[in-house]
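Undergrad: mind folding the following:
(one chain, ligands or ions: 2)
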Amino acid sequence: HSIKSFESTGALQLNSYPYCPNPNHALGLAPHTDSLFLTILHQTNNTKGLQILKKDQGWTSIAPVSNDALIVNVSDLLHILSNGEFPSVYHRVLVDQTKHRVSGLFFGPQVDSMIVPLVSSEDNVGVVPKYRNVKVKEYLDLKAKHLEKVFSMIRF
Ligand SMILES: O=C(O)CCC(=O)C(=O)O
Ligand SMILES: [Fe+2]
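TA: Residues are numbered from 1 along each chain as shown. Ligands and ions are numbered 1, 2, ... in the order given. As a prediction, this is how the structure comes out:
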């Protein structure tokens, strides 16, 4: 269950995951990547739940470090903007058997801006863009329709 509040250039989302007597039979959130630039995440109640998919180790829990700690995840628009140098992180959320968990997230949507893969600097002469230019609004519409296939739809 989540609550979102939008302003012109930002959004705060609060997620609530009630405890679940049978955590192996339910997911808090199905696997996905986040759609915008960066996701800044705060986990409360010292309850783990967030997992990221690591190439060699599979699903790996990201436990809360302390109440003051924030987790910063790379999301899709930064993936595209960096021409794949910073891949967006595939993640999911498990539920806890006894503890209610709440997380808070910030995003930075700029729905009218154009995302252009950055390829021209002295260090990467000759690197070609992997993705076409895409407006944030168009990207979000594509993702809503095609989910994880979206990168292949804007790839050259
Ligand atoms: O609750 C979390 O730790 C992550 C939430 C999340 O991935 C999302 O809302 O996109
Ligand atoms: Fe997410």
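Undergrad: surely residue 60 meets residue 48?
TA: No: contact criterion C-beta atoms under 8 Å: residue 60 and residue 48 do not qualify, at 10.9 Å. Bear in mind the C-beta positions are built from the backbone N, C-alpha and C, glycine included.
Undergrad: between those two, who's got more neighbours?
TA: residue 48 (15 against 12; other C-beta atoms under 10 Å).
Undergrad: could you give the number of residues near the nearest residue to the more buried one once chain neighbours are set aside?
TA: Leaving aside its chain neighbours, residue 48 sits nearest to residue 63 (4.4 Å; criterion: C-beta to C-beta, 6 or more residues apart in numbering). Per other C-beta under 10 Å, the neighbour tally for residue 63 reads 11.
Undergrad: looks to me like residue 63 is in a strand.
TA: No: Residue 63 sits outside any strand when classified using DSSP: H, G, I helix; E, B strand; the rest coil, being coil.
Undergrad: let's number from 23 now, not from 1
TA: Will do, 23 is the new start, and the previous item becomes residue 85.
Undergrad: measure it to residue 35 for me?
TA: 21 Å (C-beta to C-beta, to the nearest Å).
Undergrad: swap in residue 62?
TA: Taking C-beta to C-beta, one finds residue 62 at 11 Å from residue 35.
Undergrad: and residue 157, by the same measure?
TA: 22 Å.
Undergrad: circling back: hey, what's in contact with both of residue 62 and residue 35?
TA: Shared contacts of residue 62 and residue 35 (C-beta atoms under 8 Å, 6 or more residues apart in numbering): 127-128.
Undergrad: spit out the contact partners of the most centrally placed residue in the chain.
TA: By C-alpha atoms, centre = their mean, the chain has its centre lying nearest to residue 56, at 2.5 Å. With contacts taken as C-beta under 8 Å, 6+ apart, residue 56 has the following neighbours: 95, 97-98, 110-111, 129.
Undergrad: which one of these has the most neighbours?
TA: residue 110 leads those on contacts (other C-beta under 10 Å) with 24 neighbours.
Undergrad: what helix or strand does it sit in?
TA: Using DSSP states H and E, residue 110 falls within no helix or strand.
Undergrad: which residues of this protein lie near ligand 1?
TA: 35, 37, 51, 56, 63, 65, 71-72, 113, 115, 125, 127 (C-beta under 6 Å from any ligand atom).
Undergrad: want to throw those into JSON lines with pLDDT and secondary structure?
TA: Output for the residues of the chain next to ligand 1, formatted as JSON lines (pLDDT from 0 to 100; DSSP: H, G, I helix; E, B strand; the rest coil):
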{"residue": "35", "pLDDT": "87", "secondary structure": "strand"}
{"residue": "37", "pLDDT": "92", "secondary structure": "strand"}
{"residue": "51", "pLDDT": "95", "secondary structure": "strand"}
{"residue": "56", "pLDDT": "93", "secondary structure": "coil"}
{"residue": "63", "pLDDT": "90", "secondary structure": "strand"}
{"residue": "65", "pLDDT": "84", "secondary structure": "strand"}
{"residue": "71", "pLDDT": "93", "secondary structure": "coil"}
{"residue": "72", "pLDDT": "95", "secondary structure": "strand"}
{"residue": "113", "pLDDT": "97", "secondary structure": "strand"}
{"residue": "115", "pLDDT": "96", "secondary structure": "strand"}
{"residue": "125", "pLDDT": "91", "secondary structure": "strand"}
{"residue": "127", "pLDDT": "84", "secondary structure": "strand"}
